[in-house]
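Peer 1: pasting the sequence and the predicted model now:
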Amino acid sequence: MTQYSAIPSDTAPSDPDAAPARSREDEILDRIRSIFAEKGFDGASMQELARAAGMSVGNFYRYFPSKAAMVEAMIGRDLAEVGEKFACIAAAPDPLQALRCGLHERVAEGCAAVTEERAMWAEISAAAHRKPEIGCAVQRLEQEISGYLCRAFALAAGLPADVATRRFGAHARTAITLVRASALMNSGAGQPPDTELTALLQRMIDVILEDVRAAGAAVPKEV
């Protein structure tokens with residue numbers, strides 16, 4: 001995820017130093033995630049985070065002046081990955097089926113045992129309720145993902161993007177809520193995945209997607 005408050009765009013950066021800087025930021029984020037997961041958003045000090053990144057506190061602040069900046073960077077990186085996945089979905093022969101497989105996979109991962117990645121995002125989600133700047137960043141992430149979902153729904157139903165957004169906005173938000181719920185209700189370390197919960201959430205995902213498919217079937221086809 002890469003510049004602090006920037007959402008990835010389709011425009012390549014003009015600064016030749018931008019790519020190496022992002023690469024360094026990614027390396028730092030990979031190193032500090034274990035501290036966030038272990039100690040929580042509030043419990044992790046900047047000194048501990050700098051130590052995990054293998055640099056001085058002063059140098060660390062040059063990259064990330066605050067914990068909020070780190071979260072912004074993580075969200076930016078996550079959005080870049082989400083964009084790539086939705087591009088694959090849009091190019092699939094059956095976008096709705098490709099989306100279904102992707103959402104099922106995310107739910108199954110969420111209902112499995114706790115991982116460092118999910119523990120870190122659980123901490124960020126909790127911090128979003130206490131800190132407005134984190135809340136805004138997380139909200140922006142969910143709005144972007146909702147937009148991707150609505151565009152996939154538009155493709156699947158054969159509807160204009162604006163019509164699909166109005167018609168299926170609630171569907172997109174519900175799908176996001178189900179994926180988040182799977183991550184928050186997962187099994188503890190060393191415990192087997194909750195297969196019943198996984199199956200239930202996946203059936204709920206199917207209901208959402210079948211509603212979209214039915215809407216597409218009802219759209220008049222050109223002769």
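Peer 2: Sure thing, it's come through. Numbers count the residues shown, from 1 in each chain.
Peer 1: switch to C-alpha atoms for all contacts and neighbour counts from now on
Peer 2: Fine.
Peer 1: now the helices: where do they sit in the chain?
Peer 2: Assigned by DSSP state H, the chain shows helices spanning 18-43, 46-53, 57-63, 67-91, 95-111, 116-128, 132-157, 161-184, 195-218.
Peer 1: a markdown table please, covering the ones you listed and showing mean pLDDT and mean neighbour count.
Peer 2: Below are these laid out as a markdown table (pLDDT from 0 to 100; neighbours: other CA atoms under 10 Å):
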| stretch | mean pLDDT | mean neighbour count |
| --- | --- | --- |
| helix 18-43 | 81 | 17 |
| helix 46-53 | 93 | 18 |
| helix 57-63 | 93 | 14 |
| helix 67-91 | 90 | 19 |
| helix 95-111 | 91 | 20 |
| helix 116-128 | 80 | 18 |
| helix 132-157 | 92 | 20 |
| helix 161-184 | 92 | 18 |
| helix 195-218 | 92 | 16 |
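Peer 1: what's the first-to-last distance across stretch 109-117?
Peer 2: Across stretch 109-117, the terminal residues are separated by 11 Å (CA to CA, to the nearest Å).
Peer 1: pull the distance from it to the chain's centre.
Peer 2: 14 Å (CA atoms, centre = their mean, to the nearest Å).
Peer 1: ok, stretch 124-143 next?
Peer 2: Counting by CA atoms, centre = their mean, stretch 124-143 comes out at 12 Å from the chain centroid.
Peer 1: try stretch 30-39
Peer 2: What separates the centre of stretch 30-39 from the centre of its chain is 18 Å, taken as CA atoms, centre = their mean.
Peer 1: just the CA coordinates of it, formatted as PDB?
Peer 2: Extracted in PDB, the C-alpha atoms of stretch 30-39 (Å, rounded to 0.1, in the frame of the first residue of the first chain):
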ATOM      1  CA  ASP A  30       6.500  -5.200   6.000                       C
ATOM      2  CA  ARG A  31       8.900  -5.000   8.900                       C
ATOM      3  CA  ILE A  32       6.600  -3.100  11.300                       C
ATOM      4  CA  ARG A  33       3.400  -5.100  10.800                       C
ATOM      5  CA  SER A  34       4.400  -7.600  13.500                       C
ATOM      6  CA  ILE A  35       4.700  -4.800  16.100                       C
ATOM      7  CA  PHE A  36       1.300  -3.500  15.200                       C
ATOM      8  CA  ALA A  37      -0.200  -7.000  15.400                       C
ATOM      9  CA  GLU A  38       1.500  -7.800  18.700                       C
ATOM     10  CA  LYS A  39       1.200  -4.500  20.600                       C
END
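Peer 1: mind checking how far residue 155 is from residue 147?
Peer 2: 12 Å.
Peer 1: can you check residue 100 too?
Peer 2: Residue 100 sits 16 Å away from residue 147, going by CA to CA.
Peer 1: backbone dihedrals for residue 55, please?
Peer 2: Here is the backbone geometry of residue 55 (degrees, to the nearest 10): phi -150, psi 170.
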